[in-house]
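Engineer: 3D, please:
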Amino acid sequence: MNRIRVYGFEGCPYCKELMEMYDKHNIEYYYIDVDLDENAEETEKIMEIGQTDSVPIILVNNTLLSPENSFKSIKEAYQTTLKFLK
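Structural biologist: The predicted structure follows:
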C-alpha cells in the first residue's frame with residue numbers, strides 16, 4: 001500500500017493546493033500539522049532530513065520530497081509524488 005504523509009500548516013496555500021490535487025484524483029494521504037506541539041518531534045526530524053523549513057514536505061513510501069530540493073512548484077510536487085506511487 002502506498003503511503004503519503006503531507007507536512008504542512010493550517011492556512012498554507014501550497015499545502016491546500018497539493019491536498020486538493022490528491023483529493024481530486026482520489027489519492028489517499030495523511031496530513032501532519034507542523035504547528036501542533038504533538039507533532040514537534042516528528043516535524044523537527046523531517047525538516048532536518050529534508051534540509052528545509054518550508055512546507056509542504058511530502059513523505060511518499062520511504063522517499064522524502066521537500067521544497068527547493070525536490071520540486072519547484074506544487075504541480076511538480078504532485079507529479080513527482082505520482083512517480084513514487086508506481
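Engineer: Output the below-cut-off pLDDT ranges for the chain.
Structural biologist: Residue ranges of the chain with pLDDT under 70: 1-2.
Engineer: Grab the most central residue of it for me.
Structural biologist: residue 58 (2.5 Å; CA atoms, centre = their mean).
Engineer: The residue nearest to that residue when sequence neighbours are not counted: what's it in contact with?
Structural biologist: The shortest distance from residue 58 to any non-neighbouring residue, by CB to CB, 6 or more residues apart in numbering, is to residue 65 (4.3 Å). C-beta coordinates here come from the backbone N, C-alpha and C atoms, glycine included. Applying CB atoms under 8 Å, 6 or more residues apart in numbering, we find residue 65 in contact with 50, 57, 58, 59, 71, 77, 80, 81.
Engineer: any idea which element residue 27 lies in?
Structural biologist: Using DSSP states H and E, residue 27 falls within no helix or strand.
Engineer: Tell me the bridge partners for the closest residue in space to it that isn't next to it in sequence.
Structural biologist: Leaving aside its chain neighbours, residue 27 sits nearest to residue 4 (6.9 Å; criterion: CB to CB, 6+ apart). Taking DSSP bridges as the rule, residue 4 bridges to residue 60.
Engineer: Count the residues that sit near residue 4.
Structural biologist: The number of residues packed near residue 4 is 20, by other CB atoms under 10 Å.
Engineer: What of residue 60?
Structural biologist: Burial of residue 60 is recorded as 20 neighbouring residues (other CB under 10 Å).
Engineer: got it, and the one 10 residues further on?
Structural biologist: One way to gauge burial is a neighbour count; for residue 70, by other CB under 10 Å, it gives 17.
Engineer: which residues sit in contact with it?
Structural biologist: 58, 64, 77, 80.
Engineer: Can you tell me how far the residue sitting furthest away from the middle of the chain is from residue 59?
Structural biologist: For the chain, the largest distance from the centre (CA atoms, centre = their mean) belongs to residue 37, which lies 18.3 Å off. Residue 37 is 20 Å from residue 59, where distance means CB to CB, to the nearest Å.
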